[in-house]
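Participant: from the sequence below, what's the structure:
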Amino acid sequence: MMTTIPDIAIEDVSFAYARVPVLENVNLTIAPGEKVCIVGPNGGGKTTLIKLILGLLIPDQGNIRVFGDPPRRAARRIGYVPQYAHYDPDFPVTVFDVVLMGRLHGPRPRGYSREDEKAATRALENMHLASLAHRLFSEISGGQRQRVLIARALATGNRLLIMDEPTANIDAGSEQYLFDLLSAPERDLTVLMITHEMGVASRFFESIVCVNRQVVVHPTSELTGENIREIYGGDPLLIRHDHRCSLEGHSHD
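Facilitator: Below you'll find the model as predicted:
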């Protein structure tokens, strides 16, 4: 009998910055095609968890596998949208150039191929950015830059996308369009996303990963955010935890 290898498997992982614990005893499994949202307070370890999965950080203890491999070996098979775009505003890189960077999977002595350029063009069209292809990245708005970074991740052609608050600077219509795009059956994507914008997301994600030093997974539904007061101090996200929740908070046994 064949066993499906999880896209992401995390076992008993702990991590600290300068001996200050950030994550403790984390266990998480994400199956192929699963759509997972990460929520939690600022400083709770959400971005750290993503960096561990990407291989940008090494756990102090425990084990992480992506597609069955160590994260650094699997990194080229992941499409990644960072929380912030760090760039030199004086560097004359175009929107199309930025999206093409998603096709970098090693040395390119002969430059990008025609297939790379087609993939970048398709990604720009998918994000309704084709008209900006030859504009300088530094000249477009913050929301447009965020959409360019999403297009760059789509251009990789990878089926695992990890996104750190990709909808933070885009309007509601673009947010809805993004979730529709990512959920298209023909894409068959596995998505792991940090977001605070749960109004639309609660209809897209199959499970919620609560990160606040430890990690607990719950199902999603379209209810009020009262059930996660313990994490957000009353911030009204549309998430339902399990039956153990109450107005006083929820327990994580």
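
Participant: may I have the phi/psi pair for the spatially most central residue of the chain?
Facilitator: Nearest to the geometric centre of the chain sits Met163, at 2.0 Å (Cα atoms, centre = their mean). For Met163, the backbone dihedrals (degrees, to the nearest 10) come out as phi -130, psi 130.

Participant: report the beta-bridge partners for it.
Facilitator: Beta-bridge partners for Met163, by DSSP bridges, are Val81, Met193.

Participant: just checking, it touches Ile150?
Facilitator: Yes: shown here, Met163 and Ile150 form a contact pair, counting by Cβ atoms under 8 Å, at 7.4 Å. Backbone N, C-alpha and C define where each C-beta goes, glycine included.

Participant: who touches both of those two?
Facilitator: Val81 (Cβ atoms under 8 Å, 6 or more residues apart in numbering).

Participant: show me where this protein has helices.
Facilitator: 46-54, 71-74, 95-100, 114-126, 142-155, 172-182, 198-201, 229-232 (DSSP state H).

Participant: might you list the low-confidence residue ranges for the stretch 51-200 of the chain?
Facilitator: 84-87, 106-109, 197-200 (pLDDT under 70).

Participant: ok so, going back, the helices of the chain into TSV, with extra columns for distance to Thr190?
Facilitator: Below are the helices of the chain laid out as TSV (distance: least, Cβ to Cβ, whole Å):
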stretch	distance to Thr190
helix 46-54	12
helix 71-74	12
helix 95-100	21
helix 114-126	18
helix 142-155	13
helix 172-182	10
helix 198-201	16
helix 229-232	24
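
Participant: to Gln83, which of the ones you listed lies closest?
Facilitator: Among those, the nearest to Gln83 by Cβ to Cβ is helix 46-54 (6.4 Å).

Participant: and that closest one, what does it pack onto?
Facilitator: strand 8-17, strand 20-30, strand 35-39, strand 61-66, helix 71-74, strand 160-164, strand 190-194 (3 or more Cβ pairs under 8 Å, 6 or more residues apart in numbering; DSSP states H and E).

Participant: out of the helices of the chain, nearest to Cys37?
Facilitator: helix 198-201 (5.8 Å).

Participant: circling back to that earlier point, now the residue nearest to the centre of the chain: how far from Thr195?
Facilitator: 8 Å (Cβ to Cβ, to the nearest Å).

Participant: can you check Ile8 too?
Facilitator: Taking Cβ to Cβ, one finds Ile8 at 17 Å from Thr195.

Participant: what of Leu49?
Facilitator: The value you get for Leu49 to Thr195, if Cβ to Cβ is used, is 14 Å.

Participant: which neighbours do the two have in common?
Facilitator: Common contacts of Leu49 and Thr195 (Cβ under 8 Å, 6+ apart): Ile38.

Participant: show me which of these two is the more surrounded one.
Facilitator: Between Leu49 and Thr195, Leu49 has the larger neighbour count (other Cβ atoms under 10 Å), namely 27 against 22.
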